[in-house]
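Trainee: Kindly return the folded structure for what I paste below:
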Amino acid sequence: MRNTFDAQLVRALVNHGNGGVVVARYGAVSSDSPCIAVPTDMGRLWMPCSDMIMRPILKMRGTWEPDEAAFLAHHIAPGSTVVNVGANVGYTSLVLSRIVGPTGQVIALEPEPLNFKLLCVNTARAGNVLPIHTAAGETTGSIRLNLSATNAGDHRTAPHEDALGGIDVPIVALDDLLADRSIAAIVSDTQGFDHRVITGAAALISRCRPIITVEFWPFGIRNTGDDPTEVLRDYLALGYSRMIDVPSGEDVTGHTIDEIIATAMTTTDHTTLALLP
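Mentor: Sure, this is the predicted structure:
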């Protein structure tokens, strides 16, 4: 039962108030994996030594995806409640924590046990971050997570060429978790699974019209068995007024599906798309 999500229990904890760590049932899992503290613009961040992507970039630059951080700071108001899906070890959650300030809250979801442990440690000082040990998707229950050997941000529900193996983790639909909350933004980065996160938040999106940012990674989307073109159509069908390609800053609202994909693939194989109400 440990890996089956009890949405009613955790929703009660989410509604309890700001801050805190949900550890009673989904808490930080002990691990012998070596970790290292990396200085960043969000303070010292504990990370797995095995991570060969985010850790060396943070060590070299001290920051991560500053274009997205600036975009979020421009569009999210202090005092907001926001959801960070695929929170990893907490860097983006800390970015959001600074943006929303002491009267706001960041609800941070992370399914991988070591990442979740580090998320709890790294965000404890913030006082307005609520970590929850779960994935998010279309349904509530459990799901298989394939673990990357070298990239702590690339654990996937889909087949993985770099997988160490798989574990069962809790999964929740945001509609189940946040039925009683007003949410200003959904910030999702889930390795090709973001569209499933959004599907599971249909009622929340209709009710709150939050700002949405998602990773758009055609390869990862195909790996889940879905079509990137259809995913974009579904995003456009949400009825938001604008779609922005965040890294380039380009407004792609009036573009065709093919043009949006071409913009997204200009420099890398993925991008971050934002939907603005």
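Trainee: now the helices: where do they sit in the stretch 1-150 of the chain?
Mentor: With DSSP state H, counting those that start in this stretch as the criterion, the stretch 1-150 of the chain has helices at 7-14, 54-61, 66-75, 91-100, 113-123.
Trainee: So which of these is nearest Asp176?
Mentor: Of all those, helix 7-14 sits nearest to Asp176, with 3.9 Å by Cβ to Cβ. No exception for glycine: its C-beta is placed from N, CA and C like everyone else's.
Trainee: tell me the mean pLDDT for that closest one?
Mentor: When pLDDT is averaged over helix 7-14, the result is 53.
Trainee: what sits against the nearest residue to Leu232 once chain neighbours are set aside?
Mentor: Closest residue to Leu232 apart from its sequence neighbours, by Cβ to Cβ, 6 or more residues apart in numbering: Ile257 at 5.2 Å. Going by Cβ atoms under 8 Å, 6 or more residues apart in numbering, Ile257 touches Thr229, Leu232, Arg233.
Trainee: Give the residue spans of the stretch 51-200 of the chain that score low on pLDDT.
Mentor: The model of the stretch 51-200 of the chain has pLDDT under 70 over residues 148-164.
Trainee: What segments of it are strands?
Mentor: 81-85, 105-109, 129-132, 135-136, 141-148, 163-172, 185-188 (DSSP state E, counting those that start in this stretch).
Trainee: Pull up the gap between the residue lying closest to Gly137 once chain neighbours are set aside and Pro228, please.
Mentor: For Gly137, ignoring the flanking residues on the chain, the nearest one in space by Cβ to Cβ, 6+ apart is Arg196 at 4.5 Å. For Arg196, the distance to Pro228 (Cβ to Cβ, to the nearest Å) stands at 13 Å.
Trainee: Kindly check the end-to-end length of stretch 102-118 for me.
Mentor: 22 Å (Cα to Cα, to the nearest Å).
Trainee: for that stretch, which positions count as buried?
Mentor: 104-118 (16 or more other Cβ atoms under 10 Å).
Trainee: ok, now stretch 73-84?
Mentor: Quick answer for stretch 73-84 (16+ other Cβ under 10 Å): His75, Ile76, Ser80, Thr81, Val82, Val83, Asn84.
Trainee: same question, stretch 193-200
Mentor: Neighbour-count burial for stretch 193-200 [16+ other Cβ under 10 Å]: Phe193, Asp194, His195, Arg196, Val197, Ile198, Thr199, Gly200.
Trainee: Stretch 84-94 too?
Mentor: Across stretch 84-94, burial judged by 16+ other Cβ under 10 Å covers Asn84, Val85, Gly86, Ala87, Asn88, Val89, Gly90, Tyr91, Thr92, Ser93, Leu94.
Trainee: for stretch 233-246, same thing?
Mentor: Result for stretch 233-246 [16+ other Cβ under 10 Å]: buried residues Tyr235, Tyr240, Met243, Ile244, Asp245, Val246.
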